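S.K.: Next comes the sequence, and after it the predicted model I'd like to discuss.
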Amino acid sequence: FPECLEQLFETCLEIINSELNSLGLTTIEVVVHEKRNRNQDGYNKVVIITNELADRVAGKAHDGIVQYPFLWDDAVTGPRTLG
């Protein structure tokens, strides 16, 4: 939703709900996930992008290469570089 660019979350959610309603999609549930914190199981896990079958690494440039250094945005300490 490009209309959400630089908007507050509440405004963006209103935009999304308005669009869904205009399409007659009134039974869709919007689920919002908060940023993970260090008290959650799996907090330190990193997502590696794969192809649709999840049998090959896609990589950032879709070339099968995981690129480092990797910028990790830590919820507690802020951004830090890994690798």
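M.R.: Yep, that arrived. Numbering: from 1, shown residues only.

S.K.: So Gln67 is in contact with Ala58, correct?
M.R.: No - at 11.7 Å, Gln67 does not count as touching Ala58 under the criterion of Cβ atoms under 8 Å. All C-beta atoms are positioned from the backbone trio N, CA, C, and that covers glycine.

S.K.: Which of the two has more residues huddled nearby?
M.R.: Neighbours were counted for Gln67 and for Ala58 using other Cβ atoms under 10 Å; Ala58 has more, 16 against 10.

S.K.: Grab the nearest non-local neighbour of that one.
M.R.: Nearest non-adjacent residue to Ala58, counting by Cβ to Cβ, 6 or more residues apart in numbering: Ile49, 4.5 Å away.

S.K.: What's the local residue count around that neighbour?
M.R.: With other Cβ under 10 Å as criterion, Ile49 counts 10.

S.K.: separation between it and Trp72?
M.R.: Distance check for Ile49 against Trp72: by Cβ to Cβ, to the nearest Å, it reads 15 Å.

S.K.: and what of Val66?
M.R.: Taking Cβ to Cβ, one finds Val66 at 13 Å from Trp72.

S.K.: same check, this time on Gly78
M.R.: For Gly78, the distance to Trp72 (Cβ to Cβ) stands at 10 Å.
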